[in-house]
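Asks: Sequence below, structure please.
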Amino acid sequence: MRIQSRYGHSMPRQRRTSATPLAVLGGGALFLAAGIGANMELAALSIAVFIAGVMMLWRQGEPPLLLVVFAYPWVQASVPTFSANLRGVDINASSFVGAEMVWATILSLLAVLALAIGARAAIGSGAPNISAAARQTALSRSMSAWGVLYVAGVILSFVATGSAWVVPGLTQVLLAVAGTKWIFFFLLAFAAFAQRRPAHPIFLAAFAFELALGIGGFFSDFKTVFIFVALAAFAANVRVSTGGWIGGAMLAVVVVLLGITWTAVKPEYRTFVSSGTGSQLVTIDYSTRMTKLLDLVQALGPKEFGEGFENFLDRLGYVGFFGLTLTTVPHIIPHEGGALLWDSVSRPFMPRLFFPNKPVVDDTVRTNFYTAGAAGNSEATSISLGWAAEMYIDFGALGMLAASLLIGVLYGRIYRVLLFSGLTGPLFGMAAACSVLALVGQLESSFTKIFGGIVVQLLVIWVFAKFVLPRFFPWVVR
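Replies: Residues are numbered from 1 along each chain as shown. Have a look, this model is predicted:
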């Protein structure tokens, strides 16, 4: 049976599929390729956590958002194990000399699993009509209409970004407003896939624009646009075919290759764009930056690319600082008893506009304190312990798992409220949920900044859904 939209687009009724067989197959292949070695027990635990997470969080007809929230930190917690196996060494023989890498890996994997369990418990059962309703909205307007909405979001983003540093007391709010452009990009991408027009010039232009913006920055955040395209594609398709999975795998390979290339060239590139100041300030115009970046990429040889690959794996795996924390807490520094979590939760409700003396959170300083100075004093980057390590510092091993479970519940409830709220509507709810949650799972992210960002983004989304969109674009939230 097929569903007919108001503009004559024909939509097949959703068929339910399961990603579990693919997860088992992929996990088994990974274990055979890189799991057998000096760290085989850790590899087996990693594969088991991966399969369990996919079984719990894959939901046909919805954006695989919570699966991304789970999968990204799972990769970060697992990479050191598989990398060490491929090198034929014990995981403790890593660049983090003296770190408790085995215990840090186990705790990180269990924290990610606890987060997945909490999210699954919070989202409840699916709604069979939500994907059809979202597609109906996407099909109700032409690609030109969705393109206009995206352009409006981009203009608003540029205005908000330019104003953010002019009014320091409202910087976080204005940056959250700027971040809403990803909501409108998701809407455009969803419409392109729902209308079976992923090669539409408007969508391709938007994708190229966001990719170019991401590549040209100090941190070269190119992965975000790929994540949102993947989320929209999986959410918009009625049934994910074998070709869809292959396309997703190819997309992941492209992102990894870009990541390796960026890792190989970024030290020299950052020095160039900051004019050697050692700060995160970009002082070079865009065209000059891109010319320099292209020159650096063209100069890469097999040796440089190989070194970039090894550095990419070392950077992607994020349990080293946690492993060093285990050597100091609680042996030298006692557990904080919830002080870090309380600071995370209370900070968003103390806006700097009214609390100008609120202390600034310096991730590198915090990391140095709990790891005996392992983060150094680089001004060009901010080095965080990550949310799992922070929960351990607060509550110990068992308490960390309980806190991770509650964090998962928080993410799951946000997902469910946004998707099933009558205020947002199915399609805008999907886009808003992706904007809020797409990157919260990263192990290197401090929960202090994660939670603050979530609160402000939810406030901005509520204002958009309540006052702005119903007036100017009512069909988006209808």
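Asks: Give the burial count for Pro267, as a bare number.
Replies: 12 (other Cβ atoms under 10 Å). Where C-beta positions appear, they are placed from N, C-alpha and C, glycine not excepted.
Asks: roughly how far apart are it and Leu42?
Replies: 31 Å (Cβ to Cβ, to the nearest Å).
Asks: Also Gln298?
Replies: When distances are taken as Cβ to Cβ, Gln298 and Leu42 turn out to be 39 Å apart.
Asks: what's the answer for Ala431, then?
Replies: In this structure, Ala431 lies at 37 Å from Leu42, with Cβ to Cβ as the measure.
Asks: Comparing the two, which shows the higher neighbour count?
Replies: Taking other Cβ under 10 Å, Ala431 and Leu42 do not tie; Ala431 has more neighbours (31 against 24).
Asks: what's the more buried one in contact with, if anything?
Replies: Taking Cβ atoms under 8 Å, 6 or more residues apart in numbering as the definition of contact, the neighbours of Ala431 are Trp182, Ile183, Phe184, Phe186, Leu187, Phe190.
Asks: my guess is Thr283 meets Ser274, correct?
Replies: Yes. Contact between Thr283 and Ser274 holds when scored by Cβ atoms under 8 Å: they sit 6.2 Å apart.
Asks: For the two, indicate the residue with more neighbours.
Replies: Ser274 (18 against 12).
Asks: Could you check the pLDDT of that one?
Replies: Confidence per residue is given as pLDDT, and for Ser274 that number is 83.
Asks: I'd like the distance between it and Ile47.
Replies: 41 Å.
Asks: now Thr171
Replies: When distance is defined by Cβ to Cβ, Thr171 is 43 Å away from Ile47.
Asks: which of the two has more neighbours?
Replies: Higher neighbour count among Thr171 and Ile47: Ile47, with 21 against 16, using other Cβ under 10 Å.
Asks: give the contact list for that one.
Replies: Applying Cβ under 8 Å, 6+ apart, the residues contacting Ile47 are Gly27, Gly28, Leu30, Phe31, Gly35.
Asks: Give me the neighbour count for the third one.
Replies: A count of neighbours around Leu30, defined by other Cβ under 10 Å, yields 16.
Asks: Low-confidence ranges, the stretch 101-250 of the chain, go.
Replies: 126-128, 238-242, 244-245 (pLDDT under 70).
Asks: Show the residue spans covered by the helices in it.
Replies: 101-123, 130-139, 143-164, 171-179, 181-194, 201-215, 223-236, 242-273 (DSSP state H, counting those that start in this stretch).
Asks: and the longest one, what other elements does it pack with?
Replies: Under the contact definition 3 or more Cβ pairs under 8 Å, 6 or more residues apart in numbering; DSSP states H and E, helix 242-273 sits against helix 223-236, helix 286-298, helix 302-316.
Asks: at 6 Å what do you get?
Replies: When contacts are defined as 3 or more Cβ pairs under 6 Å, 6 or more residues apart in numbering; DSSP states H and E, helix 242-273 sits against helix 286-298, helix 302-316.
Asks: which parts of the last one are buried?
Replies: The neighbour-count check on helix 302-316 (16 or more other Cβ atoms under 10 Å) flags Gly308, Phe309, Asn311, Phe312, Leu313, Asp314, Leu316 as buried.
Asks: For these, please prepare JSON lines with the additional fields distance to Leu341.
Replies: Formatted as JSON lines, the entries for those read as follows, by distance: Cβ to Cβ, whole Å:
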{"residue": "Gly308", "distance to Leu341": "37"}
{"residue": "Phe309", "distance to Leu341": "37"}
{"residue": "Asn311", "distance to Leu341": "32"}
{"residue": "Phe312", "distance to Leu341": "32"}
{"residue": "Leu313", "distance to Leu341": "31"}
{"residue": "Asp314", "distance to Leu341": "29"}
{"residue": "Leu316", "distance to Leu341": "26"}
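Asks: and the spatially closest residue to Glu100 that is not a sequence neighbour, how far is that from Glu444?
Replies: What sits nearest to Glu100 in space, not counting adjacent residues and going by Cβ to Cβ, 6 or more residues apart in numbering, is Leu326, at 4.0 Å. Leu326 sits 17 Å away from Glu444 when distances are taken as Cβ to Cβ.
Asks: Among the two, which residue is more densely surrounded?
Replies: In this view Leu326 and Glu444 are compared by other Cβ under 10 Å, and Leu326 has more residues nearby, 24 against 19.
Asks: What helices and strands are in contact with the strand or helix carrying the residue nearest to Glu100?
Replies: With elements taken from DSSP states H and E, the one containing Leu326 is helix 320-328. Under the contact definition 3+ Cβ pairs under 6 Å, 6+ apart, helix 320-328 sits against helix 101-123, helix 363-371.
Asks: I'd like the mean pLDDT over the helix or strand just after it, please.
Replies: Stepping forward along the backbone from helix 320-328, the first helix or strand reached (DSSP H and E) is helix 339-346. Mean pLDDT, taken over the full extent of helix 339-346, equals 95.
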